[in-house]
Structure formats: C-alpha cells, structure tokens
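In: Got a sequence here, can you build the structure:
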Amino acid sequence: MEKEIFSKKIKLITGLALAVWMTFFALNVFAQTPIKNIVLVHGAFADGSGWESVYKILTKKGYKVSVVGNPNTGMPEDVAATNLVLKRQDGPVLLVGHSYGGAIITEAGNAPNVAGLVYIAAFVPDNGETLLKLLQSGPPAPNSGILPPENGYIWYDRAKFHAGFCADLPKEKAEFLADSQIPVSAAVFGHAIENAAWKTKPSWYIVASEDQTIPPDAERFMAKRAGAKVTEIKGSHLVFMSQPEAVAKVIESAAKGATK
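Out: Residues are numbered from 1 along each chain as shown. All right, here's what the predicted structure looks like:
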C-alpha cells in the first residue's frame, strides 16, 4: 500500500515537473519570436509617403510593413489612428516614429503587441511632459522654420523648408514637400503624456547629427533619458528619406533585438 502511494506521488511530482518545464519552454519560445511586423508613423508637416524607400527596403527583407496615415489633427486622433493599424497586426510589432511621431508612439506604444520602439530624430516626452516644454528646454535650432499657430494649426516656413527640414534632399524635392506639407494641430504641443511606453519597452534612437529642426543635442538628451540604444547618422531632420538604407538597418537591428 505504501509503495503504491509512493509511486503515485512520484508520478504526480514528475507530471508537475514536466508541466512546469513545458510551460517554461513555451514561454521561452514565444519570448524569442522574431518580429516581422513593423509599423511606421510620420511626423508633422508630412504624410506617410515619405516612408516609401524605407518601406521597400524592409519589405524586400521579408518584413510586413504598415504605414500609419495619422491626420495630425490632435494627439488623441493620431494615437487612435496608430492603434487602428496596430490592431490589424498578427504577432509582435516594432513601432517606429519620426519627429512628432515619436510623441505618438510614446503613447500608442503601450499596446500589448508592441515589443519595441524606434525613434528617428524624434520627440521622446516623459510622463506629464509636453512638446512645448521640450522645445523650450533648450536653444532652438537656428534654421528651424516652425511658424506660430494660424487658425489652430502650425505650418513650416516654406522659405526655410529646405535648409531647416531637409537640407540633404534635392532642392526640387524640398520645394514639393514644402508645398504638399500637412500642418499639425497646435494642440499637440500642449498635450501632456500620461504613460510613456519607453519606460517599459526597449527603445532605439537615431540622432540626425545635422538636424536643423530638433537640435541634435536635444535628441541625444531624450535618447539617453529613455535608455535607448543610440545610432548617429549624418543627416537632416528627414534622414529617413535621405538615408533610407542606414535607417532601415537600425530598424532591422531593433526588430531582431526586441523579440517578444
């Protein structure tokens, strides 16, 4: 009788140990699931078409890339637009934001399927912080063409667009971008972040060392504060358009490093 009870205990312990091992194995495999979904978020004065070159490079490497068409009408609307795209993804996601898009992914990045964040010459606000506070925390970029609000929206000065926004793009391209720019709601600069996703998600940051819209030193400060892995690329604020290969390389590295 005692042997039978002992045998049953051994079987129970063995079964429990096997169950624990299988659970650990399953969780470990899931934790190492490679990220194949990449979601790109544009910033102010632009639309999603600027991501085309980066999109093509990443899709050719097998990634499923989605570009958010955020309307730039307000932070809640832009975060909502990003969340709509995130909900369509099958599996873990790497969320990428440029410029004002960095503030958007700082909130939208709290979605449970977001495994990591990539900031490209972007704002990285902290909890309770606004973009206006970040802009006022240091000297402005000398060639920045951000204009005062007009009818509730902010435009980028056409006369400064090439030098301040995309000096490393051809003049003709800069003129087209200036004339097709999408203004951003002035309200976004007063929106305070409630829950910064970079506090709980791994992050990467590309500093555009020749940025004339967000000072490179400000980019370095925000990246360091967020504990991001930093890459510096010699380029303008639109570095993802002027140097798509270098930017795509960082995004791919982040996708491999932010397994979920």
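
In: in the stretch 151-260 of the chain, which spans are helices?
Out: 161-165, 171-179, 216-225, 239-242, 244-257 (DSSP state H, counting those that start in this stretch).

In: Between those helices, which one is closest to H98.
Out: Nearest to H98, of all those, is helix 239-242, at 5.9 Å by CB to CB. The C-beta positions use only the backbone N, C-alpha and C, and glycine is treated the same way.

In: My guess is L95 contacts A108. True?
Out: Yes: L95 lies in contact with A108 (CB atoms under 8 Å); the separation is 6.7 Å.

In: thinking again about what came up before, winner for burial among the helices of the stretch 151-260 of the chain?
Out: With neighbours defined as mean count of other CB atoms under 10 Å, the helices of the stretch 151-260 of the chain peak in mean count at helix 239-242, which reaches a mean of 24.

In: just to revisit the earlier point, same drill for L95 and A108, tell me which one is more crowded.
Out: More crowded of L95 and A108, by other CB atoms under 10 Å: L95, with 33 against 28.

In: so that one is in which element?
Out: If you go by DSSP states H and E, L95 is part of strand 93-98.

In: How far off centre is that strand?
Out: Computed by CA atoms, centre = their mean, to the nearest Å, the chain-centroid distance of strand 93-98 equals 3 Å.

In: what's the overlap in contacts for L95 and A108?
Out: Common contacts of L95 and A108, defined by CB atoms under 8 Å, 6 or more residues apart in numbering, comprise V41, T82, L86, V114.

In: Give the closest residue to the third one in space, chain neighbours not counted.
Out: Closest residue to L86 apart from its sequence neighbours, by CB to CB, 6 or more residues apart in numbering: A111 at 4.8 Å.

In: Looks to me like the one you found is in a strand.
Out: No: going by DSSP: H, G, I helix; E, B strand; the rest coil, the assignment for A111 is coil, not a strand.

In: mind listing what it touches?
Out: Contact analysis of A111 by CB under 8 Å, 6+ apart lists N83, L86, K87, V93, L95.

In: what's the farthest-apart pair in these?
Out: Greatest spatial distance among the contacts of A111 (CB to CB): K87 and L95, at 12.7 Å.

In: where does the stretch 151-260 of the chain dip in pLDDT?
Out: Filtered on pLDDT under 70, the stretch 151-260 of the chain yields the residue ranges 260.

In: I'd like the distance between the residue nearest to K160 when sequence neighbours are not counted and I251.
Out: Spatial nearest neighbour of K160, excluding adjacent residues (CB to CB, 6+ apart): G145 at 3.0 Å. The gap separating G145 from I251 is 27 Å, by CB to CB, to the nearest Å.

In: Next: N110.
Out: From N110 to I251 the distance is 20 Å (CB to CB).

In: same check, this time on R225
Out: 21 Å.

In: Could you tell me the end-to-end distance of stretch 183-203?
Out: End-to-end distance for stretch 183-203: 28 Å, by CA to CA, to the nearest Å.
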